[in-house]
Each structure stands twice: as C-alpha cells, then as structure tokens.
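1. Quick one, fold the following:
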Amino acid sequence: MRTRTIGSHSVSAIGLGGMPMSIEGRPDRERSIATIHAAIDAGVTFIDTADSYHRDAGEVGHNEELIAEALASYGRDTSHILVATKGGALRPGDGSWTLDGRPEHLVEAAKASLARLGGDAIGLYQFHRPDPEVPYADSIGALALLLEDGVIEQAGISNATVEQIDEAHSILGGKLVSVQNQFSPRFLSSRTELEHSAALGLAFLPWSPLGGISNAAELAEQHAAFAEVAERHDVSPYQITLAWELSISSTVIPIPGASRPASITDSAAAADLDLSADDIATIEASLVS
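-> Next up is the predicted model:
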C-alpha cells in the first residue's frame, strides 16, 4: 500500500476511522476486532479514534479500548501502526455531543486516553472541536503542554477554520502536524482548509470521506460521476471516491469509518488505485455543475 506522512510518521494512504464500531448501531465486539484486524491485513497503518467514540454514559473511551484490544490480540507486530485519538468533545450518553476545550480537561483527557491505549505516549493527539466558551489559544496551549511533558508525540487539530489552523500553527510551530476536517463529495466546503493545510505541509485527514455513515450507501446515486468512473475501473464507487480525494494533494489521508471487514478491505484498495486525468476531470466537472 502507498504511504503518506503525518509529521515524523509514515502511514498508509488510507486510514481507518473507528467511530462506527462504538456508537449507535455498532456491531458486536468480535466483529469490531475482526474489522480492525482486516484493516491491518490490508496494509492500513493509521487508525483514528477519540475518547468520545462511545454510545452509553459511563463508557468513555470505548473505541480506544477496542483498538488497544485489537492490536494486542493481532498476533503479529503492530508497533508500526499509528493510533491517533482526540479530546475536547463529550457524549453524555443520550446521543448528543457537548464540548470542553478547557486546558485542564484536555490534559486529563489525554492522560486517560494514553492509559487506555497503552504505550509511552500517544502518537498523535488532536483537539477534537473548538469550544466557543474557551479561547482557542488556551486549548492549543494544552497541546503544547502535553508535548512538553511527553504525554503525546505529535499534535493535530480537528474541525478547524483557516484562521484556527494558522493560530495553532503559530502556537505549536513545527509540532502541529495534521488537520482533520469533514470532506467528501457531499461536503466540499472544507476544501479551502485542505488546500491551506497542504500549503503548510500539514497532513489533511478527511473524516466521513464517503459522506457519513447514513449516506455512504447512496454515494453512487447522488454522484453519478463516481459510479461512471468506477465502471471504467471495475471497482466500487467508494474506492473511486477515496482515490479522488488522494489525488487532490499528497497530504490527504482519508479515514473512512468501517464496522465490517469487507468495508475496510475495499476502502484500503483505493490507496493503490490510479485515476487518469480524464477520470479526475469527469469527477471534478460533476462537482461544480
């Protein structure tokens, strides 16, 4: 599988988003573990999670624990796999999301995530979402402290604007390595942040790169160009979508969510799919029409 770079880490060009394995509608633990193992078998070396990826109250860190269990039970070396997690968003257990960007919360949340994931430090820790009640610089300052204390190896931000990317880059300097924003054929508004991240040399990690859990199945119907190009290559429209995202910039690393081994195996194959200039032109023309 082709690789890309997140800071000092070389990772697979396609990652795995862990959220579907832990929230509403999640599969049983056995299938989730099998999905993570299938991702590794397919060459995936980047897994994204968050302490808020859970369904019920009282199970904060469910997805982090699941990933740690899957890595421990894989049966072969997994030291090359980069696990990224996030803090600053909370789920009370009623399906809603709340925010807590206070520095003291982020520091404690990161330490709790490290305890669940294991190891000496978190490979990549990301501020999940800006908290309007807390100055952004204060939240990013917590990442600087975590870096200084060795709790995390690298820092990233998520759901950020261009201005916030610049602010975090200024505070953290070369220690900011990634931006994780929503981006897909049905959500193109963060292309500006994608291009800005690329200009700064930051990895851009599209979340919901296939349009989200409830919309991925309708991808071919809503975006006929992806289905057309998929027929040319005799692959799924999902592979074409991910390959198109990879073609935008060498800094893009999509992280499709998965809850079945077959899904991540199909997605991972996009890393080695070459789209022609005509393929890309067909897709791009459909998105602006």
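
2. What's the end-to-end length of stretch 180-192?
-> Length of stretch 180-192, first residue to last, C-alpha to C-alpha, to the nearest Å: 13 Å.

3. again but with stretch 198-206, I slipped
-> So stretch 198-206: terminal residues 13 Å apart, C-alpha to C-alpha.

4. How far off centre is that stretch?
-> 12 Å (C-alpha atoms, centre = their mean, to the nearest Å).

5. pLDDT on it, on average?
-> The average of the pLDDT scores along stretch 198-206 is 98.

6. And for stretch 18-25?
-> Per-residue scores along stretch 18-25 average to 96.

7. Just the buried residues of it, please?
-> Gly18, Met19, Pro20, Met21, Ser22, Ile23 (16 or more other C-beta atoms under 10 Å). The C-beta positions use only the backbone N, C-alpha and C, and glycine is treated the same way.

8. what's the nearest residue to the second one if we skip its chain neighbours?
-> With C-beta to C-beta, 6 or more residues apart in numbering as the criterion, Met19 has its nearest non-adjacent residue at 4.7 Å, and that residue is Tyr53.

9. Can you report how many residues neighbour the one you found?
-> Residues near Tyr53, counting by other C-beta atoms under 10 Å, number 28.

10. just curious, which of the buried residues of stretch 18-25 is nearest to Gly174?
-> Using C-beta to C-beta, Gly18 comes nearest to Gly174 of those, at 27.6 Å.

11. which ones are touching that closest one?
-> For Gly18, the contact set (C-beta atoms under 8 Å, 6 or more residues apart in numbering) comprises Ile36, Ile47, Asp48, Thr49, Tyr53, Asn63, Leu66, Ile67, Gly257.

12. Looking at those, which are in strands?
-> Among the contacts of Gly18, the ones falling in strands (DSSP state E) are Ile47, Asp48.

13. lowest-confidence helix or strand of the protein?
-> For the chain, counting by mean pLDDT, DSSP states H and E, helix 219-222 ranks last in confidence among helices and strands (a mean of 74).

14. Show me which positions of the helix or strand following that one end up buried.
-> Where DSSP states H and E defines the elements, the next helix or strand beyond helix 219-222 is helix 224-233. By 16+ other C-beta under 10 Å, the buried positions in helix 224-233 come out as Ala225, Phe226, Glu228, Val229, Ala230.

15. ok, and the closest non-adjacent residue to Ala258?
-> The shortest distance from Ala258 to any non-neighbouring residue, by C-beta to C-beta, 6+ apart, is to Ile264 (3.9 Å).

16. what's the distance between the residue nearest to Leu188 when sequence neighbours are not counted and Asp131?
-> Nearest residue to Leu188, sequence neighbours excluded (C-beta to C-beta, 6+ apart): Leu287, at 6.5 Å. When distance is defined by C-beta to C-beta, to the nearest Å, Leu287 is 32 Å away from Asp131.
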